[in-house]
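Using only what follows, build the 3D model:
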Amino acid sequence: MKTTSAIYFLLILIFFLNGCRNNGDYETPKSTYQTMVKATKSDNLNAMLDCFSNESREDYKKLLALASENEGDKQGEKFIDIFIEEIQFDESKIEDDKASFEAIVDGQKHTVEFVKEDGNWKMHMPDLKDGIRFLEEMVDNISISMSSGSTSVYFENMLCNTLATYAILNNEVIYIIWPDIQGSSTQSISYGLFFIKPEQWSGQQRSENGVQIEWQCKRTDDDRWTMTLIDNNYDLRDGNIFLINTKEEVFRVKQLNRGKIDAETISEEIDELSKEEEVKSFFSPK
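Predicted structure coming up:
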């Protein structure tokens, strides 16, 4: 399955460039947010930008310019629906001229910040700088793609097939999940705050006799990837290949580091790995 890059939240705002300025209510963080939502739904970009801090307003303008150079996706409307429903305004979180509130975006917790400028509360979004860097990479690399898939691998000593499932971002193999079972696998991608870049892969693999493996691969604040697999956490800097032996009462996991894996020849790379003694011995029946 291949998914082209999509800057969800930004897309619908590209159509708002002809909006005119409106007087808004910035007396509280909540009223500022409501003003922004109203401006967004009425296709008024200028009024929406008035709800941002000075720094975030300039960052957003730069993002709009960058986003116009890349493909978008109609699913941008998803941001507004989820954000309005899930944001929690708690007055105890307001301290002097700063405030932060918890929001659930696409099933993940995020912090939404506000600052007071000239007596008015404005939304402050440092995450936009991550979006700028991400979109600048898209411009530099023409396109960024995300894909996932699986490939069957046959082991003669086991007399059976296994299924290795993988994820790829911008031609880089993020991980390979490789249990000693055949069957089917599914994966999904979640985006972070403002849907600027992919933040998490979730997946599962299930055999015909009901053996099931589940995993979550998350991007950290310092831009690393971590893997949660069978109740254990792994840093992908230590290796992005995970062998799983399900033949014992407690599943065993072996993390392998084989350096950079060529995404264009991923099936061939996995086939070569299957010939390594370390891999074959791990999967061999005891």
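
mind listing what's buried in stretch 120-132?
Under the neighbour-count criterion of 16 or more other C-beta atoms under 10 Å, stretch 120-132 has 120-125, 127-128, 130-132 buried. All C-beta atoms are positioned from the backbone trio N, CA, C, and that covers glycine.

Among those residues, which pair sits farthest apart?
Longest distance between any two of the buried residues of stretch 120-132 is 25.5 Å, between Asn120 and Asp130; criterion C-beta to C-beta.

Show me the buried residues of stretch 120-132 that map onto helices.
The helices, defined by DSSP state H, take in 127-128, 130-132 from those.

Verify the assumption that Tyr168 is located in a helix.
Wrong residue type there; residue 168 is Ile, not Tyr. No - per DSSP: H, G, I helix; E, B strand; the rest coil, Ile168 lies outside any helix segment and is strand.

wouldn't it be in contact with Glu269 here?
No - using C-beta atoms under 8 Å, Ile168 makes no contact with Glu269, being 11.7 Å away.

quick one: the helices in the stretch 151-286 of the chain?
Ranges of helices in the stretch 151-286 of the chain, per DSSP state H, counting those that start in this stretch, are 266-273, 277-283.

The ones you listed: which one's closest to Cys217?
helix 266-273 (15.9 Å).

ok now the closest one, how far from the chain's centre?
Helix 266-273 sits 26 Å away from the centroid of its parent chain (C-alpha atoms, centre = their mean, to the nearest Å).

May I see the buried residues of it?
266, 269-270, 273.

with those in mind, which one is nearest to Lys30?
Of these, the one sitting nearest to Lys30 (C-beta to C-beta) turns out to be Ile266, at 47.8 Å.

The nearest residue to Gln182 once chain neighbours are set aside and Val173, how far apart?
Leaving aside its sequence neighbours, Gln182 sits nearest to Asn161 (C-beta to C-beta, 6 or more residues apart in numbering; 4.7 Å). Look at Asn161 and Val173: by C-beta to C-beta, to the nearest Å, they are 21 Å apart.
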